[in-house]
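K.L.:
With the sequence up front, the predicted model follows.
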Amino acid sequence: PSGEDLGAFADVSQDDWHDGVVDEVSKDGAFITVTSPDGAHAQGVLLKEDFQPVRHYWAKDLKDYLSAGEQLRVRVVAIDEANEVMTLSTRSILPQNKKPNRAAFAEIYTDEWLTGIVDHVVFGAAIVKVMSPDRANWAWGSVRARQIRDGVVEAVEDEVQEGECVKVRLLSVDPSSEYLMLSMKPEREDDQQDVDE
């Protein structure tokens, strides 16, 4: 890639997501052509440790997950213009060195999708670190089995796994609870039933 191509990404935020296409993939890394917000293209490197599989926290072999021509969303995490290297990631960022702040979620609408990362699974629910829309705050949330997907969920651990990035909606903020009530399903009329039970 040329320095001018990489320059198009010099001012993008690490929080921003970009469209990418896999050019070449090996066990430990992949070359991805990324499109900048103004339409420029540059090739970046996605290392194995910066790739977030859907169902696992770490990928042992990228060839098991990616193939040439595949489209994916990536973040730009570093640019070395001198050596013409752009480092990419498919992992989400959670605010660092901050305590959970439930108050930041008080005014969020129930139809707004938020980004979260599954921290662990307990009986009947997934415990998620969920980010506020501006990514400045986070809070603990709970996704009950019935709010993971339509149909019967017999085991939460079969649906989501530790470290998985998920899209969630806010159902309620209970001041007396440590957790926000979350859903991974589209908004519908019986949302309140899950909150009340």
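P.N.:
That came in fine, so what should we check first?
K.L.:
Point out where the protein drops to low pLDDT.
P.N.:
Screening the chain residue by residue with the criterion pLDDT under 70, one finds the ranges 1-4, 53-59, 93-97, 189-197.
K.L.:
All the strands of it, in order from the start?
P.N.:
Using DSSP state E, the strands found in the chain span residues 18-25, 29-35, 41-47, 71-80, 85-89, 113-122, 125-131, 138-144, 165-172, 180-183.
K.L.:
Throw these into JSON lines and include distance to F105, thanks.
P.N.:
The C-beta positions use only the backbone N, C-alpha and C, and glycine is treated the same way. Converted to JSON lines, the strands of the chain look like this (distance: least, C-beta to C-beta, whole Å):
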{"stretch": "strand 18-25", "distance to F105": "27"}
{"stretch": "strand 29-35", "distance to F105": "31"}
{"stretch": "strand 41-47", "distance to F105": "31"}
{"stretch": "strand 71-80", "distance to F105": "23"}
{"stretch": "strand 85-89", "distance to F105": "25"}
{"stretch": "strand 113-122", "distance to F105": "8"}
{"stretch": "strand 125-131", "distance to F105": "8"}
{"stretch": "strand 138-144", "distance to F105": "6"}
{"stretch": "strand 165-172", "distance to F105": "6"}
{"stretch": "strand 180-183", "distance to F105": "6"}
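K.L.:
Just give me the neighbour total for the closest residue to A8 other than its chain neighbours.
P.N.:
Distance criterion C-beta to C-beta, 6 or more residues apart in numbering; nearest residue to A8, sequence neighbours excluded, is A40 at 3.6 Å. One way to gauge burial is a neighbour count; for A40, by other C-beta atoms under 10 Å, it gives 14.
K.L.:
Likewise for the one 10 residues further on?
P.N.:
Residues lying near D50 (other C-beta under 10 Å) number 18.
K.L.:
And R73, how far from S92?
P.N.:
Between R73 and S92 the distance, using C-beta to C-beta, to the nearest Å, works out to 10 Å.
K.L.:
so what's A106 closest to, chain neighbours aside?
P.N.:
Closest to A106 by C-beta to C-beta, 6+ apart is V173, at 5.6 Å.
K.L.:
quick one: that neighbour and A104 touch, right?
P.N.:
No - proximity of V173 to A104 does not meet the contact threshold set by C-beta atoms under 8 Å, at 9.7 Å.
K.L.:
Next up, the contacts around C165.
P.N.:
With contact set as C-beta atoms under 8 Å, 6 or more residues apart in numbering, C165 has these partners: 52, 91-92, 115-117.
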